[in-house]
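K.L.:
Sharing a model that was predicted from the sequence below.
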Amino acid sequence: MPVHLTVTIPRGQLKNLKASYTLTEPQLTAPLKKGQVVGTIDFQLNGKSIEQRPLIVMENVEEGGFFGRMWDFVMMKFHQWFGSWFS
């Protein structure tokens, strides 16, 4: 499982390099397994896709305890309701 990615671009073009990702689900929910593919990451130069790779979970993510899940639920709701104010 590759951890690093090297993208070579012409000199002076760093400002034109963009990265975006797409998740397989609208929201990631634990548990997640190491090596699980959860989406793709797309690198674009001047609006043209130059590299696309899978977005992979690097370590196991276990489901949280009761209070942790409640906190996450509240924070996700807050983000759903008010997230557009901060983007």
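P.N.:
Looks like it came in fine.
K.L.:
only C-alpha atoms for contact and neighbour calcs from this point on.
P.N.:
OK.
K.L.:
need the contact list for the closest residue to residue 24 other than its chain neighbours.
P.N.:
Distances taken as CA to CA, 6 or more residues apart in numbering put residue 39 closest to residue 24, at 4.8 Å, once the chain neighbours are dropped. Contact analysis of residue 39 by CA atoms under 8 Å, 6 or more residues apart in numbering lists 21, 22, 23, 24, 25, 54, 55, 56.
K.L.:
repeat that with 10 Å
P.N.:
21, 22, 23, 24, 25, 53, 54, 55, 56, 57 (CA atoms under 10 Å, 6 or more residues apart in numbering).
K.L.:
In TSV: those, plus neighbour count.
P.N.:
Shown next, in TSV, are the contacts of residue 39 (neighbours: other CA atoms under 10 Å):
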residue	neighbour count
21	14
22	13
23	14
24	12
25	9
53	12
54	15
55	18
56	18
57	15
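K.L.:
Give me the phi and psi for the residue nearest to residue 24.
P.N.:
Here is the backbone geometry of residue 39 (degrees, to the nearest 10): phi 170, psi -160.
K.L.:
Where do the strands of the chain begin and end?
P.N.:
Shown for the chain, the strands assigned by DSSP state E span residues 17-23, 37-45, 48-56.
K.L.:
Which residue is most remote from the mean position of this structure?
P.N.:
Computed with CA atoms, centre = their mean, the residue of the chain farthest from its C-alpha average is residue 11, at 27.2 Å.
K.L.:
Please read off the pLDDT at that residue from the model.
P.N.:
On pLDDT, residue 11 comes in at 96.
K.L.:
what about it, distance to residue 17?
P.N.:
Using CA to CA, to the nearest Å, residue 11 is found at 11 Å from residue 17.
K.L.:
can you check residue 75 too?
P.N.:
Taken as CA to CA, the span from residue 75 to residue 17 is 31 Å.
K.L.:
if you count what's nearby, which of these two comes out ahead?
P.N.:
residue 17 (16 against 12; other CA atoms under 10 Å).
K.L.:
check contacts around the nearest residue to residue 64 once chain neighbours are set aside.
P.N.:
The shortest distance from residue 64 to any non-neighbouring residue, by CA to CA, 6+ apart, is to residue 30 (7.8 Å). Neighbouring residues of residue 30 by CA under 10 Å, 6+ apart: 60, 61, 62, 63, 64, 69.
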